[in-house]
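*Asks:* Need the 3D shape of this:
(chains A and B)
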Amino acid sequence: MNGRIVHIASNTFREAVRDRVLYNLIAFALLMSGAAILIGQISINIERLVVINLGLTAVSLFGIVIAIFIGIGLVSKEIEKRTLYTVLSRPVRRWEFIVGKFFGLACTLVVNTVFMAIGVFGALLYVSHHFQTADGWVLVALYFIILQFLIITSLALLFSSFSSPLLAAVFAFSLFVIGTFAEDLRGFAALTQGFTRWLATGAAYIVPNFSALNVISSVAHQQPVAGQLIFYNTCYALIYTAMALCGAVLIFEHRNLK
Amino acid sequence: MKASRRVTVIAGVLVAGCMLASVALVHHLDQVRTGASLEEVLYIPSPKALKRMSLGYDGLLADVYWTRAVQYFGTKHRVGAKRYDLLAPLLEITTYLDPQLVVAYEYGSNFLAPAPPNGAGMPRRAIDLQEYGIRNNPNEWRLYYELGFIYYMDLKDYAGATEAFARGTRVPNAHPFLRLLAGQMAEHAGDLQTARMMWTATYQTSTETAIRANAAAHLRALQVDEDVTRLEALVASYREQTGHFPASFSELEAAGILRGTPVDPLGHPYKLMPNGRVEVRSPDDFPFIQKGAPPGYVPPEAPKVLPTD
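*Replies:* Numbering: from 1, shown residues only, chains lettered A, B, ... in the order given. You can find the predicted model right below:
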């Protein structure tokens, strides 16, 4: 990675860390992990399950909210404050700006996830009194959540490179919702015929496949995650992120900033 | 006082006053709307629709619905309710959202199967729930045990119970008592001894306090039934010998028929009635007894819970 990308990434990271909304969201996610302990106590025999399900869901949802709401402002804010022109007047290429912004936010999200994960494991230790070997699979679920963040961040950047922040947020969130139905969509596409089938199948394969990246329920039941799934999910997330980033770069390269 | 300060004070007082008034009104509204209980509402009855709406976070939603089922049953059970209309749908939604949530099958069938006031009186729905659980978790021996338990205790279908226990014995790592139960059931279905064996197995294998307390209460009731049967037989034998009922257990002792004053499982002496009946001193302490309660005894709406042994 060249030095210019690293500089932009580190500045983006610092800017995101200074954002107070970020801390509110992390605090809320940690609070939810703590609340899992209370919810587990008003039910029967699911304390551990609730801690993992609620904790990881909070990490995932709050991370996605952070990714979308910070991601959509990465480009538009710079244009609005006219700082983009200062950056681009230096020997920085437009693609470097986009890639640097992406890595900056990705780094922020990884750090956030680590903090929220400490909260989840703390709650887990409180209810179980000790860790079990199977709790290691929770780390795999967290890894998959980070892969989701990478995809969402790249999509937020892609949409923010050509539309207003509000529209970009709507597009990114809609694609997240549609992506959770990816497997169902392929199933529905298989039921159609002719041209509709081609169209539906194409659309079903293009939307991000978030359903395969959600293993929260199975790790809560201490079920192992197949090595093949980890490998394919990693490859898929990296390729999809690269695709969306390239799209963002393509649009931003040709965007009239005057 | 400055104008801005005056506004601050008035606004602060108004905020506090309005908050207190709204709390008081909510309290009054709850009292007015006692009949319109919100707990009897299932806004989205379709498990499939709920699964789609969960956006992949179906495990968490299953936990929420399981907690709701537990709270629904607990609240109604406490007041001795006769109807549990939402219980089966809540359990079906829970297990559809998370088919691996074994606890919902195990405890859910304990809520569904027994007749009111101990449960919802829906043994067939409990069997459907267990069969669904077995299809999704074929290696959980406890589910076969629970299935056999429902057949035996709630339906008195001994063939069904035998088959369920026999299916359970084929599961890897099944508890050895499943084989014992299958054998016992085939030969002595309906015996007091078989029932005792099943409740003992429940007591010994469960870690949940409520389930253990329930099993202990049933074991105590079986002991009372056995004691009363035996003591009444002794009284009848004494009457045959002497032509009259004994006035107290000490007469039986003096006649060499009985050793010591018989006591119930909680340590209280049994009562011998003038007509030769044997009764427990406090029938409320034994909610599941078939014998030993005074004639016309009406049990409390909610069974009395005692600490486990």
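*Asks:* for chain B, what spans make up the helices?
*Replies:* All helices of chain B, identified by DSSP state H, fall at B:3-32, B:47-53, B:58-78, B:87-97, B:102-112, B:123-136, B:141-149, B:158-169, B:177-188, B:192-205, B:209-242, B:249-254.
*Asks:* Looking at the third one now, give me its mean pLDDT.
*Replies:* What that stands for is helix B:58-78. Per-residue pLDDT values over helix B:58-78 give a mean of 89.
*Asks:* how about that helix, does it get close to chain A?
*Replies:* Yes. Helix B:58-78 lies in contact with chain A when judged by Cβ under 8 Å from any Cβ of the partner chain; the contacting residues are B:58, B:59, B:60, B:62, B:63, B:66, B:67, B:70, B:71. Where you see a C-beta, it was placed from the backbone N, CA and C, and this is true even at glycine.
*Asks:* Around chain B, pick out the residues from the stretch 1-150 of chain A.
*Replies:* Residues of the stretch 1-150 of chain A that fall close to chain B, judged by Cβ under 8 Å from any Cβ: A:39, A:42-46, A:49-50, A:52-54, A:57, A:60-61.
*Asks:* how about 10 Å then?
*Replies:* Of all the residues in the stretch 1-150 of chain A, those in contact range of chain B (Cβ under 10 Å from any Cβ of the partner chain) are A:36, A:39-46, A:49-58, A:60-61, A:148.
*Asks:* could you list every residue that touches residue A:115?
*Replies:* Each residue near residue A:115 by Cβ atoms under 10 Å, 6 or more residues apart in numbering or on different chains is listed here: A:23, A:26, A:27, A:29, A:30, A:59.
*Asks:* for the record, mean pLDDT for the helix or strand where the fifth one lies?
*Replies:* This means residue A:30. Counting by DSSP states H and E, the element that carries residue A:30 is helix A:20-41. The average pLDDT within helix A:20-41 is 75.
*Asks:* got it, and stretch B:230-239?
*Replies:* Mean pLDDT, taken over the full extent of stretch B:230-239, equals 89.
*Asks:* Buried residues in that stretch, which are they?
*Replies:* For stretch B:230-239, the buried set under the neighbour-count rule, 16 or more other Cβ atoms under 10 Å in any protein chain shown, comprises B:231, B:232, B:234, B:235, B:238.
*Asks:* Which strands and helices lie in contact with the next helix or strand after the helix holding residue A:30?
*Replies:* Later in the chain than helix A:20-41, the nearest helix or strand by DSSP H and E is helix A:47-71. Using 3 or more Cβ pairs under 10 Å, 6 or more residues apart in numbering or on different chains; DSSP states H and E as the contact test, the elements touching helix A:47-71 are helix A:3-18, helix A:20-41, helix A:94-128, helix A:136-160, helix A:165-180, helix A:216-220, helix B:58-78.
*Asks:* which residue does chain B bring closest to chain A?
*Replies:* With Cβ to the nearest Cβ as the measure, residue B:59 is the residue of chain B nearest to chain A, at 3.1 Å.
*Asks:* show me the contacts for that residue.
*Replies:* Residues in contact with residue B:59, defined by Cβ under 10 Å, 6+ apart, are A:49-50, A:52-54, A:56-57, A:214-221, B:97-98, B:100-101.
*Asks:* Tally up the residues packed near residue A:202, please.
*Replies:* Neighbour count for residue A:202, taken as other Cβ atoms under 10 Å in any protein chain shown: 10.
*Asks:* State the distance from it to residue A:52.
*Replies:* Residue A:202 sits at a distance of 36 Å from residue A:52 (criterion: Cβ to Cβ, to the nearest Å).
*Asks:* With residue A:98 instead?
*Replies:* According to Cβ to Cβ, residue A:98 and residue A:52 sit 36 Å apart.
*Asks:* So between these two, which is more surrounded?
*Replies:* Under the criterion of other Cβ under 10 Å, the comparison of residue A:98 against residue A:52 puts residue A:52 first, with 31 against 26.
*Asks:* I figured that one hits residue A:137, correct?
*Replies:* Yes. Contact between residue A:52 and residue A:137 holds when scored by Cβ atoms under 10 Å: they sit 9.5 Å apart.
*Asks:* what residues do those two have in common as contacts?
*Replies:* Overlap of the contact sets of residue A:52 and residue A:137 (by Cβ under 10 Å, 6+ apart) consists of A:219, A:220, A:221, A:222.
*Asks:* residues contacting residue A:11?
*Replies:* The neighbourhood of residue A:11, defined by Cβ under 10 Å, 6+ apart, consists of A:87, A:100, A:101, A:104.
*Asks:* Give the buried residues for the helix-or-strand element of chain B with minimal mean pLDDT.
*Replies:* Of the helices and strands making up chain B, the lowest-confidence element is helix B:177-188, at a mean of 73, by mean pLDDT, DSSP states H and E. Buried residues in helix B:177-188, counting neighbours by 16+ other Cβ under 10 Å, are found at B:177, B:178, B:181, B:182, B:184, B:185.
*Asks:* and the gap between the residue of chain B closest to chain A and residue A:55?
*Replies:* 11 Å.
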